[in-house]
Each structure stands twice: as structure tokens, then as C-alpha cells.
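Student: Here you go, sequence then predicted model.
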Amino acid sequence: MSSNSSEYTIPDLLAQWPWRRTVNAHLEVVQDDANAWVGSFELFKPEKFAKFKACNFNYLRISCDLMSFYFAFDEYTDLATRDEAMEISKGVMDTFRDTETPTSNKINEMARQFFKRTIDVVGNDVQGIERFIIDFGAYTSSIIQEADDRDEGLIRTVSDYLVLRRDTCGGKPSFSFFGLGLNIPDEVFEHPLVMSMIEGATDLIAITNDMHSYGLEYSRGLDGHNVITAIMHEHNIGLQEALYWLSGFATATIGKFLADLKNLPSWGKQVDGAVKEFFNRVGRCVRGYDQWSYETKRYYGDKGLKVQQTRKIILKPRDGAYLTREQLEFGSDKPKSK
């Protein structure tokens, strides 16, 4: 990193994104139960769980659970070696295929309970459920590759990084999750324009998250897997110039997404209505990731809304993770000693 100054200005990557911030009216009803569910697994020490709750992932219920599980899974795999990440990922995917059998492993049981609740809520959307499992499988596999990159100290080119980041950011399984219950046939998702739109929306989530999380990842020494690092490294530019580059990329991505949206074909009245609702959910999801980043305490502490106004950021000093290596658990109820 080229850091002559610790202060920089972040762009509004979604300035041209037409979907605005909304909050579900039922949030207050479900958020306490959602936090209590995460707490029941005792994945984090009390002081770290307090920081977890301050992140406000609950921004019903199954959506809250998905976001909470993403976070727990990410925290575990961030500290894992390749073999450990493979073991975590396999355990999670096994529970998605067998939601009826409880497991003693905490992260696996969290996955099982989340997905069983999801299936109970969604009902008979066989194609949608299978799409989610496949997309989540790609996400867990990409985490293994991220662990490889981290072990090797590899910094990818921007294009290579985005190929991997489209899976590691969790955007695709999020979109397939929000499509559950709409009963959209596979042929829609195989259409080139739909594939392009999903890729573009995924890129927006990836780069938005990378921008907001850069300071946190830098403070924890995890900034090697971040588009900003890739941009600086490939183009031999500083942090502020990389953010300007990222802004231009976001503008072009949004333009293509909106153009594709206008040119979608018709699959019939019923399916067209479902597709329209699906992309509205995608649009709100992209906006939500960005807005949550300002309202959570995860990235900017209690200064998020001020950051949103001023666009000014100061890099944090090196800090600790929510988990330590000693707390990682593989295949049993007891932490594995290292």
C-alpha cells in the first residue's frame, strides 16, 4: 500500500443506482430473536459478540439469519488454512443437503438451522432452492481459493480478482436467496442478459463492500483480497487514485445493468412479473449493502453517517479479529488447539 496520508475520500459508488434505502417494517419484531439465535451457538466470546450485534446484520427472519451466517462463516474462514477452509465448507454444504440431522459442530449446526428454517418458509420452489445451494457451494469453494491466495501472499490482477470476488462476496447466493418463492424457471437465469445483470450487480456489491471494508481489512492485515489493493498494485497508483478508478468502474457497471434491464425479453405475464420483482429485490439488496455499511458500526464505528456525508476516511491502526485461531472449531464442540 502506498500511504503517504492516512486520510482519503471515498466516492459514492451508487450515485446513479435508482433503488433507494428502505427498511422492512417488521425488522423490530425479528431482530432480537435473530441475535439470540446467533448468541445461542457461542461462536464468539462475549465482548466479541457485543461487537457482532453492533454490526446490525438484522437490517424477516431468514434474511437476518443469512446475513448473520455469512458473517460467522467469513470470520471462521478468514483465519483458516486451505485445508481448514475446505473442512468448514464441506461441513456447511453437507448440512444444506441434510437439514434434518443435527450436528455437534457449531458452524454446521448454524447452517443447518438457517437452511431448514428457509425451506420451511419458502415451500416448494425446487429450482430456486437448488440454485441457492449451487451458488452457495460456489461461494464456499471460492473461500478456499481465497485462503490459498492469502497463504501465498498473492495479489491478483483486477480482472482475475473480480472473477474470484464474484463468488467470495456472497452476492450470487444472496440473489438466489431473494429469488426463493418466486418460482422463476432456470431458462430465465440462463439468458445472457440476465446473467450479465447478475454479474454486474454482484460486482457492485463486491466493490462497494471492498471500499467500505478496506480500512478494517487493512487494520487486520487482510487487505490482500480487496479490489482496491488489486487496483493499486496493477496500475501502480496510490489509494486515492484507486478509489477514483473504482468510481469510474462502478458508473460503467451501473450503466450496463440498466441498459440490460430495458432490453430483457418476455417470458409471459406471470414470469415477467416474477422477474421484475426479482430484480427489484436485487436492486434493493445492492443498495442495502452500501447503506448498511454506513449504519453499522463494523467499518466506521459510530461515525458511519458522518462518513456518508463528508466521504472522509482515516485508516485504522492494526487491530484484532472477532475470533482467534484458538477459537476455530473443526468437527467437534471443542476448539481445536494449534
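Tutor: Ah, there it is.
Student: what about Lys116, distance to Phe73?
Tutor: To Phe73, Lys116 is 17 Å away according to CB to CB, to the nearest Å. Quick note: C-beta positions are derived from backbone N, CA and C, even for glycine.
Student: more neighbours, those two?
Tutor: A direct count of neighbours by other CB atoms under 10 Å for Lys116 and Phe73 places Phe73 higher, at 22 against 16.
Student: and that one, what does it touch?
Tutor: Residues near Phe73 by CB atoms under 8 Å, 6 or more residues apart in numbering: 88, 92, 107, 111, 140, 143.
Student: Wait, the fifth one touches Ser89, no?
Tutor: Going back to what we said before, that points to Thr140. Yes: shown here, Thr140 and Ser89 form a contact pair, counting by CB atoms under 8 Å, at 3.6 Å.
Student: wait, doesn't Ser293 sit right on Tyr214?
Tutor: No: contact criterion CB under 8 Å: Ser293 and Tyr214 do not qualify, at 11.1 Å.
Student: If you count surrounding residues, which of the two has more?
Tutor: Between Ser293 and Tyr214, Tyr214 has the larger neighbour count (other CB under 10 Å), namely 24 against 19.
Student: can you give me the strands for the stretch 201-338 of the chain?
Tutor: Along the stretch 201-338 of the chain, counting by DSSP state E, counting those that start in this stretch, strands occupy 312-314.
Student: show me where pLDDT drops low in it?
Tutor: 318-338 (pLDDT under 70).
Student: let's see it at 80
Tutor: Applying pLDDT under 80 to the stretch 201-338 of the chain flags the ranges 316-338.
Student: What segments of it are helices?
Tutor: For the stretch 201-338 of the chain, the helices defined by DSSP state H, counting those that start in this stretch occupy 227-235, 239-262, 269-295, 304-310.
Student: most tightly surrounded among those?
Tutor: Neighbour counts (mean count of other CB atoms under 10 Å) averaged over each of the helices of the stretch 201-338 of the chain peak at helix 227-235, with a mean of 21.
Student: what's it in contact with?
Tutor: Contact with helix 227-235 is made by 1-2, 155-158, 161-162, 165, 206-207, 210-211, 214, 223, 237-239, 241-243, 245-246, as judged by CB under 8 Å, 6+ apart.
Student: For that helix, what is the distance to the chain centroid?
Tutor: In this view, helix 227-235 has its centroid 20 Å away from the chain centroid, taken as CA atoms, centre = their mean, to the nearest Å.
Student: Help me confirm that Gly215 comes into contact with Tyr299.
Tutor: Yes: using CB under 8 Å, Gly215 is in contact with Tyr299, at 6.7 Å.
Student: re the thing from before, are any of the contacts of Phe73 buried, and which?
Tutor: Those of the contacts of Phe73 that meet the buried threshold are 88, 92, 107, 111, 140, 143, by 16 or more other CB atoms under 10 Å.
Student: who's more crowded, Gly215 and Tyr299?
Tutor: Legend: neighbour count by other CB under 10 Å for Gly215 and Tyr299, higher for Tyr299 (22 against 19).
Student: measure Asn263 to Val227 for me?
Tutor: Counting by CB to CB - Asn263 and Val227 are separated by 28 Å.
Student: Lys256 now?
Tutor: Separation of Lys256 from Val227 (CB to CB): 18 Å.
Student: List of residues touching the stretch of helix or strand Val163 belongs to?
Tutor: When elements are defined using DSSP states H and E, Val163 is found to belong to helix 158-168. By CB under 8 Å, 6+ apart, the list of residues contacting helix 158-168 from outside reads 138-139, 141-143, 145-146, 149, 156, 172, 199, 202-203, 206, 210, 225, 227, 230-231, 234.
Student: between it and helix 239-262, how many degrees?
Tutor: 60 degrees (axes from the mean of the first three to the mean of the last three CA atoms, to 10 degrees).
Student: Of all pairs in the buried ones among the contacts of Phe73, which one spans the longest distance?
Tutor: Longest distance between any two of the buried ones among the contacts of Phe73 is 13.4 Å, between Ala111 and Ile143; criterion CB to CB.
Student: will you turn the helices of the stretch 201-338 of the chain into CSV that also has distance to Met195?
Tutor: CSV is the format used below for the helices of the stretch 201-338 of the chain (distance: least, CB to CB, whole Å):
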stretch, distance to Met195
helix 227-235, 21
helix 239-262, 9
helix 269-295, 13
helix 304-310, 32
